[in-house]
Structures are given as C-alpha cells and as structure tokens.
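A.B. asks: Return a 3D structure for these sequence lines:
(one chain, ligands or ions: 1)
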Amino acid sequence: MALRTIRQIGDPILEKKAKDVTQMTDKIRNLIEDMLDTMYEANGVGLAAPQVGMLKRICVIDISEERNEPHVFINPRIVEKTGEQTGMEGCLSVPGKQGQVTRPQYVKVMAYDEELKPFEFEGTDLMARAICHEFDHLDGHLYVELAEDGLVDVEPYDGEEDEED
Ligand code: NI
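C.D. replies: As a prediction, this is how the structure comes out:
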C-alpha cells in the first residue's frame, strides 16, 4: 500500500487538462493502485489522477458503504446524460468545504479498463454525481466553479466522519 499526497485547491496542476493513457505500463498500474489506496485512506468516494499530481486521464470511484466496489475509468467520456439532481458535493482537494451542485441524474460512460479494453458503464444518483465530478478533474475543473450558493464549512474527515469525493 502506497499513499500519494492529495493536491489542494490552489495547486496549478488541478487546473490543467490531463492526457490520455496510450499504453498500460507498470508505472500506470502502480498509479492506479496508489490512487485506490489514497482514496480509501481519505474515505473519499472518488479520486482523479491530477489530484495526486499526475496529468493522466484516470479516475477511481467507490460509492459503496463497504468500500469494496472499486471502479477504474481510463480515458473516460460521458456519451449520454439525462435528468438533473441537486445536492451537496465535496472534494478531497477542498477539505472542510461543501457546496451545492446540480448534476445529471443519469450518465452513460465509455472508458477503458486496466487492460485498456473499452467498456460501457451507466450510473445514476451518487454514481452519476461522482462520475461527473471526477471526470471534471481530468479537464482541470473543480466543483467549486459550479457551486450554486458558495461553499459551506463542514468538519474535515478525522477517521470516521462522512464521505467526501
Ligand atoms: Ni474532487
């Protein structure tokens, strides 16, 4: 298990566009493993590679209570979205804050797995929200740009608080 440092808002790397993964290498495999470890350690529901300082189009997401349903998305794109949901969102790169964001209720995704094989994935509710949030990171966008009523203070994660993504 290897943890990576989560970059915080203000770090210019969080505003850069990440590049496609064109080849699966040990370095990329290690990055994905470390991203999962880092996400679980921070009790987040998702993490994007730029958040650990790597400008690669990779996201990991796990919205399960049991923390045992990891999803890995490489070079992902949203190909369909419908509906709308409005709710509070947080980000491991913006600790101690939340903001209200409107996202699609449903998204369909095309992405590549760890063998660089394409797959299709559908998400609703929190999964749709997490997908939109994490994919935005790959284009250098943070949810704070979308927060409808500014940000509110919340308790930072101290080991057993609510989840952030
Ligand atoms: Ni985030």
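A.B. asks: From here on, just use CA atoms for contacts and neighbour counts.
C.D. replies: Will do.
A.B. asks: what's the spacing between the lengthiest strand in the chain and its chain's center?
C.D. replies: The single longest strand within the chain, with elements called by DSSP state E, is strand 71-82. When distances are taken as Cα atoms, centre = their mean, to the nearest Å, strand 71-82 is centred 11 Å away from the chain's centroid.
A.B. asks: That one packs against which elements?
C.D. replies: Using 3 or more Cα pairs under 8 Å, 6 or more residues apart in numbering; DSSP states H and E as the contact criterion, the neighbours of strand 71-82 among helices and strands are strand 58-61, strand 106-112.
A.B. asks: partners of that strand in the sheet?
C.D. replies: strand 58-61 (antiparallel), strand 106-112 (antiparallel) (DSSP bridges).
A.B. asks: Touching the shortest one from outside, list them.
C.D. replies: Pointing back at strand 58-61 there. Outside of strand 58-61, the residues that reach it under the criterion Cα atoms under 8 Å, 6 or more residues apart in numbering are 21, 32, 35-36, 39, 45-49, 70-76, 130-131, 134-135, 138.
A.B. asks: surely residue 39 meets residue 49?
C.D. replies: No - with the criterion set as Cα atoms under 8 Å, residue 39 and residue 49 do not qualify as a contacting pair; they are 10.8 Å apart.
A.B. asks: ok now do residue 99, which residues does it touch?
C.D. replies: Remark: with contacts taken as Cα under 8 Å, 6+ apart, residue 99 is in contact with 88-90, 143-144, 147-152.
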